[in-house]
Every structure is written in structure tokens, then in C-alpha cells.
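J.: Predicted structure and sequence below. I'll ask about it afterward.
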Amino acid sequence: MIIYLMNFNAIKIQNIFRSFSSTKIIKDNFTPNKLKNYINIYINLYNDIENLDIKKIRRPNYPSEITENITKFAIQKHYNIIPSWDTRKGDLYLNNKNFEVKGSIDLLNGGPCSFGPTEQWNRIYFVDAKYHKLKKFTVYEIMLSNKSDIWKNIKVNKNETFQDQCDQKRRPRIKFNNLINQISYKYIKIIFDGNIDDLI
């Protein structure tokens, strides 16, 4: 009986350790070095487009591959766990939870964020890439799911809520400042603000 209990406890402890330690291991192939290289490639591309000096060319959106992986490593740094980017549902995945990531070349002053009417998440993150040329980024975490009453009742215009437009199969669009002004700050926090070298 004592041997059985010892074996049971050892197995239980091993399983707990494995589940904890596995959350610190990158489960996809987007490594820190690949992220840094991709950021450098985009900076060069962005500079080349600007140097063309053609007004009709719009600034390209900041690549979701970068903002999603910045968020992945920001979560790792802040919580000492790491989600996977290798997921078919949502942008990041961790312990049966889906995380959505929205990025912008100028989150606080740019255009509205756009949401698919069927997108689902347990938690959502926003990345400000305004100072991407300096390799500086800010990652905001909003601890609300798309199914929470708070999120569903966000006003996207004077007459419609986020859920109203989803029910109509439309893409809700709202500026980040308008969005966070409708959410209590107890649900919002910055989990990273700095240079990419400080993150990974």
C-alpha cells in the first residue's frame, strides 16, 4: 500500500511537472531568431516603400505573423508560459484557450480594428507597432472573451453594438481608443512595452 501511494504520488508530481514545463517550450517553429529576422526584413521593406515617395502607395499593414509572435513571447515573459502559434483556431493557443491578436502600425491614432463576425477568443491582445523602426512594441492584454457581456455590448457606432453587427454577419470595426474607453481598466493591462531585444 505504501509503495502504491508512493508510485501514485510520483506519477502525479511528474504529470504536474510535465504540464507546467511544457508550457515553457516553443511548440511551433517561429523562434526568437526568426522573429527578429522577420522584423528586420519588414523594416527594410517599409523603408524601401517610403523611399519611393509615391503618395498613392499605402503603407502596408503590419504583418500578423510578427504581431502574433511578439504577443506569444510577451506572454512568455510576463507569465512564464508560452502559447503555440501552430493553431488552426485563433491566433495563439494555450491550455484549451484561444487568444486573438490584433496589430497596428499606429494603434492609438490609426484606423479601426476589424473583427470577423465569427471570430472567437478567450482573451484578446493588441500590438502597437508605431515605433517598429526602432524595434519597439507595446502589447495590450484585454482579459475578456468575445462571448462576455461586456465585449458583446461594446458600441461600434451610435446605434449598434459589437454583437449586433456580428449577428448581421458584418465585420465590426472600432478604433482602439474607442474600444478601451468602454472597458473597465481592471480588464486591460500592458504586458510588454519595449525593444524586441528586451523581450526575447
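T.: It's in.

J.: how distant is stretch 180-198 from the center of its chain?
T.: Per C-alpha atoms, centre = their mean, to the nearest Å, the displacement of stretch 180-198 from the mean C-alpha position of its chain is 11 Å.

J.: if you average pLDDT over it, what comes out?
T.: What stretch 180-198 shows for mean pLDDT is 97.

J.: now do the same end-to-end measure for that stretch.
T.: Terminal residues of stretch 180-198 are spaced 26 Å apart (C-alpha to C-alpha, to the nearest Å).

J.: Give the other helices and strands that the helix or strand encompassing residue 69 contacts.
T.: If you go by DSSP states H and E, residue 69 is part of helix 64-79. Here helix 64-79 touches helix 32-52, strand 92-94, strand 97-104, strand 123-128, strand 136-142, strand 188-195, helix 196-199, going by 3 or more C-beta pairs under 8 Å, 6 or more residues apart in numbering; DSSP states H and E. Glycine gets a C-beta too; all of them are placed from N, C-alpha and C.

J.: what angle separates it from strand 97-104?
T.: For helix 64-79 against strand 97-104, the angle by axes from the mean of the first three to the mean of the last three C-alpha atoms, to 10 degrees is 120 degrees.

J.: Quick check: residue 189 touching residue 141?
T.: Yes. Residue 189 is in contact with residue 141 according to C-beta atoms under 8 Å; the separation is 5.5 Å.

J.: the more surrounded of the two?
T.: Between residue 189 and residue 141, residue 141 has the larger neighbour count (other C-beta atoms under 10 Å), namely 21 against 12.

J.: Count the residues that sit near the nearest residue to that one once chain neighbours are set aside.
T.: Using C-beta to C-beta, 6 or more residues apart in numbering and skipping residues adjacent in sequence, the residue nearest residue 141 is residue 191, 4.9 Å away. Counted with other C-beta under 10 Å, residues neighbouring residue 191 total 15.

J.: so residue 191 sits right up against residue 76, yeah?
T.: No. Assessed by C-beta under 8 Å, residue 191 is found out of contact with residue 76, at 10.1 Å.

J.: quick revisit: so which of the helices and strands packed on helix 64-79 is the most surrounded?
T.: Most buried of these, by mean neighbour count (mean count of other C-beta atoms under 10 Å): strand 123-128, with a mean of 24.

J.: And it, what does it pack against?
T.: helix 64-79, strand 97-104, strand 136-142.

J.: List the strands paired with it, with their directions.
T.: The pairing partners recorded for strand 123-128 under DSSP bridges are strand 97-104 (parallel), strand 136-142 (antiparallel).

J.: Dump these into TSV; add distance to residue 180 as well.
T.: Output for the strands paired with strand 123-128, formatted as TSV (distance: least, C-beta to C-beta, whole Å):
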stretch	distance to residue 180
strand 97-104	12
strand 136-142	8
